[in-house]
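curious how this folds, go ahead:
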Amino acid sequence: MDSINATTPSNAHCISNAPCRMILIIIYGMVLLGGTIGTVLMSRLMFKRKSRSVMATIVLNIIVLHSILLVSLPFRLSYYVLNVWELGSFTCRLVSSIVYCHMYFTFVFYVAIVILRLLIYFNKLQMQELQKYHAVVLSIFIWMVGSLIFLPIFFLLYGIDPSYSGYRCFEFHKDLNRRKVIIVNYSLIVVMITVVMTLFLIQVGVIVQLIRALWPGMWTHQEFRAQIKSFFFLIVIVVCFVPHHAFRVHFIQNYSGTENSELVLYNEIFIALTTLCCLDMLCFIGGVIH
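Next up is the predicted model:
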């Protein structure tokens with residue numbers, strides 16, 4: 001979780017490292033362009049279909065999350081292009097927290113879709129029993145609980161050291177020296193990895209069963225296609241979110257607090273890679289068109 005960096009610049013700070021800055025500009029620029037196109041097209045598609053299903057409501061929440069992140073990306077891009085942050089420490093902490101809030105909220109909604117479809121597959125839940133208000137209640141619950149958990153963490157634990165400079169942003173150093181921050185990080189890592197591994201194994205088992213039962217015409221069955229879509233969400237988590245959390249373990253254990261640590265550069269790049277999940281709507285649009 002980033003915070004505002006110390007006043008002393010060094011080559012380990014991504015803002016002072018030209019290759020690192022270029023990588024971040026490319027990643028965030030690609031996400032801003034592709035994510036905007038995907039969310040706009042998916043929003044138009046959902047508006048035309050006027051779907052009131054539970055899954056559609058959850059996807060709408062993901063679109064809202066992507067939109068919030070996309071609005072914050074120009075601030076990040078301007079910082080890496082101009083080489084200075086002039087919007088104050090509070091704005092930096094706000095924009096910085098959006099990346100993490102987006103990641104964890106998106107993760108929760110992805111998991112909600114996967115679990116609902118697994119419950120339907122195992123006959124623990126009937127699709128007919130799910131009404132739109134169930135999804136609305138679930139969405140409100142996730143937003144409220146998530147806000148109560150994540151917002152205090154980001155605004156009370158990160159970026160509060162008085163030595164941080166108002167002209168540097170999105171760089172993580174001294175906060176990892178505090179025990180509370182380490183505990184929070186390890187807790188989030190354990191929860192995400194455990195949930196992903198459990199759901200991934202169950203989902204693969206379900207898909208293998210369906211292939212055996214429906215081969216060779218499995219693609220003509222709605223249930224198989226639904227489980228493949230759920231598997232896609234898990235793939236997005238594994239590709240975009242898990243590497244950041246796996247690297248965070250290495251970062252916590254090996255970062256010594258020295259100003260020339262290359263781990264800081266890698267940390268910022270792994271954070272940027274989490275935003276690639278915004279391209280998921282482009283994948284769905286491609287699938288719908290196909």
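
now do residue 175 against residue 190, distance only.
Residue 175 sits 19 Å away from residue 190, going by Cβ to Cβ, to the nearest Å. Every residue, glycine included, has its C-beta placed from N, CA and C.

more crowded one of the two?
residue 175 (21 against 12; other Cβ atoms under 10 Å).

the more buried one and residue 182: what is the separation?
Using Cβ to Cβ, residue 175 is found at 9 Å from residue 182.

again, but for residue 53
From residue 53 to residue 182 the distance is 42 Å (Cβ to Cβ).

try residue 276
From residue 276 to residue 182 the distance is 27 Å (Cβ to Cβ).

could you check which of the two is surrounded by more residues?
Using other Cβ under 10 Å, the more surrounded residue of residue 276 and residue 182 is residue 276, with 17 against 14.

am I right that that one sits in a strand?
No - counting by DSSP: H, G, I helix; E, B strand; the rest coil, one finds residue 276 to be helix, located in no strand.

roughly how far apart are it and residue 253?
Taking Cβ to Cβ as the measure, residue 276 falls 25 Å from residue 253.

which parts of the stretch 151-290 of the chain are helices?
179-214, 222-236, 242-254, 263-274, 280-289 (DSSP state H, counting those that start in this stretch).

what are the contacting residues of the third one?
Judged by Cβ atoms under 8 Å, 6 or more residues apart in numbering, the contacts made with helix 242-254 from elsewhere in the structure are 103, 176, 182, 185-186, 188-189, 192-193, 196, 263, 266-267, 270-271, 273-274.

from these, list the buried ones, please.
Neighbour-count burial (16 or more other Cβ atoms under 10 Å) is assigned, among those, to 103, 176, 185, 188-189, 192, 196, 263, 267, 270-271, 273-274.

any chance of those residues in a markdown table, with distance to residue 31 and pLDDT too?
Shown next, in a markdown table, are the buried ones among the contacts of helix 242-254 (distance: Cβ to Cβ, whole Å; pLDDT from 0 to 100):
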| residue | distance to residue 31 | pLDDT |
| --- | --- | --- |
| 103 | 12 | 93 |
| 176 | 26 | 71 |
| 185 | 24 | 86 |
| 188 | 22 | 89 |
| 189 | 23 | 92 |
| 192 | 20 | 92 |
| 196 | 21 | 94 |
| 263 | 23 | 79 |
| 267 | 18 | 85 |
| 270 | 14 | 91 |
| 271 | 12 | 91 |
| 273 | 10 | 94 |
| 274 | 10 | 94 |
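
so what's residue 118 closest to, chain neighbours aside?
Spatially, and ignoring its direct neighbours in sequence, residue 118 is nearest to residue 202 (6.3 Å; Cβ to Cβ, 6 or more residues apart in numbering).

so, low pLDDT: which residues of the stretch 101-250 of the chain?
Counting by pLDDT under 70, the stretch 101-250 of the chain shows low-confidence ranges at 124-132, 155-166, 171-174.

packed most tightly, which of the helices of the stretch 151-290 of the chain would that be?
helix 263-274 (a mean of 20; mean count of other Cβ atoms under 10 Å).

compute the inter-axis angle for that one and helix 242-254.
Put simply, helix 263-274 runs at 160 degrees to helix 242-254, going by axes from the mean of the first three to the mean of the last three Cα atoms, to 10 degrees.

distance between helix 263-274 and the chain's centre?
Its chain's average C-alpha position is 13 Å from that of helix 263-274, according to Cα atoms, centre = their mean, to the nearest Å.

by contact count, what packs against that helix?
Here helix 263-274 touches helix 18-49, helix 89-121, helix 242-254, going by 3 or more Cβ pairs under 8 Å, 6 or more residues apart in numbering; DSSP states H and E.

roughly how far is the shortest one from the heart of the chain?
Computed by Cα atoms, centre = their mean, the chain-centroid distance of helix 242-254 equals 16 Å.

how about stretch 78-94?
The answer for stretch 78-94 is 21 Å, by Cα atoms, centre = their mean.

try stretch 272-287
11 Å.
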